[in-house]
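> build the 3D model from these lines:
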Amino acid sequence: MGRIIEYRITLPLTVDEYKIGQLYSVAEASRKETGGGDGVEIRENRPFIREECEEYGSSGQYTYKIMHLEHKLPKFITRLGLFEPQDLQLHEKAWNAYPYCKTVYSNSWMKNDFHIIITTWHRIGKDEENVHKLDEETLKEREIVNIDIADNSLFTGEYNVEEDPSKFKSEKTGRGPLKEGWIEDSSIQPKMTCYKIYDIKFKLWGFQGAVECSIARAVEKLLRNFHREVFCWIDKWFGLTMDDIRYLEDETKIALDKDRENPEFKVRGIFEAQSQK
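Presented below is the predicted three-dimensional model:
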């Protein structure tokens, strides 16, 4: 048994706005994570129809990406000399049938002993207790982590005042800054929440508990930092259409392929601290 964690992230956006903001920010964040042989390789980005994936209940967008991580993992792993470069890759398959999404991460070396399965619902408002309709047994196992993007006491990353929701004010929408208690403040509208269930499994004797805890901490950091950016970049993406987003994604794929082959490597992204150890 792995870990079942539900991360809840409330944002001062509508559900439709978040769809655009999230896709824009994924494209931008992918650039941050890529360079010197590591980073994101986009293999597929295409529509899917319901007949392909009936469990998702709708048509949507399918993506298949490979995360090259050789230089971003702790150095003791690569020094063991047990792994080929392809063993240190994450494969991401995602079905985006917004407002529902499912993403599956796998690794060819660990096969069935590793997965991260993410199911997400995006809903108006906040505080829905069982959005995913989990059964009683799974509810007992579920951990809940609430993320306040404006809480700087828990922020981990390179600080940028322009990406601090407690100080940022949008010129296009007038939203922000988000002060303490903003989530409970009914006068602040709109609000929507991402309910993200992470099913984390890492079955390797002697390492399972520690690695699953490490993954959970990294996920919380990633979600906190990413959603701070989604809100603070609102003036960059507000008003874009889905056609604009698809064009940006095509341009990003070209840029990522170029950046990943750049020998001027600098460790970037959420694994920066770990890779220096």
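> where exactly do the helices run in the stretch 151-277 of the chain?
Using DSSP state H, counting those that start in this stretch, the helices found in the stretch 151-277 of the chain span residues 208-232, 234-237, 242-260, 272-275.
> same question, the stretch 1-150 of the chain
Assigned by DSSP H, counting those that start in this stretch, the stretch 1-150 of the chain shows helices spanning 15-32, 75-79, 136-141.
> going by mean pLDDT, which of those helices comes out lowest?
The minimum mean pLDDT among the helices of the stretch 1-150 of the chain belongs to helix 75-79 (a mean of 49).
> make JSON lines from the helices of the stretch 151-277 of the chain and add distance to residue 199 to it.
Just so you know, the C-beta spots here come from the backbone N, C-alpha and C atoms, and that holds for glycine as well. Converted to JSON lines, the helices of the stretch 151-277 of the chain look like this (distance: least, CB to CB, whole Å):
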{"stretch": "helix 208-232", "distance to residue 199": "11"}
{"stretch": "helix 234-237", "distance to residue 199": "30"}
{"stretch": "helix 242-260", "distance to residue 199": "27"}
{"stretch": "helix 272-275", "distance to residue 199": "22"}
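> so what's the nearest residue to residue 145 once chain neighbours are set aside bridging to?
Nearest non-adjacent residue to residue 145, counting by CB to CB, 6 or more residues apart in numbering: residue 7, 5.0 Å away. Beta-bridge partners of residue 7, counted by DSSP bridges, are residue 145, residue 196.
> I'd say residue 7 and residue 143 touch.
No. If you go by CB atoms under 8 Å, residue 7 and residue 143 don't touch, sitting 9.4 Å apart.
> so the two - more neighbours on which side?
Higher neighbour count among residue 7 and residue 143: residue 7, with 23 against 11, using other CB atoms under 10 Å.
> residue 166: what's it in contact with?
Counting by CB atoms under 8 Å, 6 or more residues apart in numbering, residue 166 touches 150, 152, 177, 178, 179, 180.
> any stretches of this structure with poor pLDDT?
1, 33-38, 50-57, 70-86, 262-277 (pLDDT under 70).
> could you redo the last one with a cut-off of 90?
Confidence mapping of the chain against pLDDT under 90 gives the ranges 1-2, 29-40, 48-60, 67-89, 109-110, 153-159, 203-211, 214, 253, 255-277.
> residue closest to the middle of it?
Note on the chain: the residue nearest the mean C-alpha position is residue 223, at 5.7 Å, using CA atoms, centre = their mean.
> now do the contacts for it.
When contacts are taken as CB under 8 Å, 6+ apart, residue 223 is in contact with 7, 9, 147, 196.
> I'd like to know how far it sits from residue 135.
As judged by CB to CB, to the nearest Å, residue 223 and residue 135 stand 25 Å apart.
> follow-up on the earlier one: nearest to residue 96, out of the helices of the stretch 1-150 of the chain?
Residue 96 lies closest to helix 15-32 among those, at 8.4 Å (CB to CB).
> what is the closest one packed up against?
strand 114-124, strand 192-202, helix 208-232, helix 234-237, helix 242-260 (3 or more CB pairs under 8 Å, 6 or more residues apart in numbering; DSSP states H and E).
> in it, what's buried?
Neighbour-count burial for helix 15-32 flags 15, 17-30 (criterion: 16 or more other CB atoms under 10 Å).
> check contacts around the spatially closest residue to residue 166 that is not a sequence neighbour.
Leaving aside its sequence neighbours, residue 166 sits nearest to residue 150 (CB to CB, 6+ apart; 4.5 Å). The neighbours of residue 150, taking CB under 8 Å, 6+ apart as the test, are 165, 166, 177, 178, 179, 180, 182.
> ditto for residue 131
Here residue 131 is in contact with 121, 123, 195 (criterion: CB under 8 Å, 6+ apart).
> try it again with 10 Å
Counting by CB atoms under 10 Å, 6 or more residues apart in numbering, residue 131 touches 6, 8, 100, 119-123, 193-197.
> what does residue 161 give?
By CB under 10 Å, 6+ apart, the neighbours of residue 161 are 167, 168, 232.
> which one (most neighbours) among those residues?
Within these, neighbour counts (other CB under 10 Å) peak at residue 232, which reaches 23 neighbours.
> about what we covered before: can you say which of the contacts of residue 223 are buried?
7, 9, 147, 196.
> let me have those residues in JSON lines, adding distance to residue 236 as columns.
Conversion of these to JSON lines gives the following (distance: CB to CB, whole Å):
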{"residue": "7", "distance to residue 236": "24"}
{"residue": "9", "distance to residue 236": "19"}
{"residue": "147", "distance to residue 236": "22"}
{"residue": "196", "distance to residue 236": "23"}
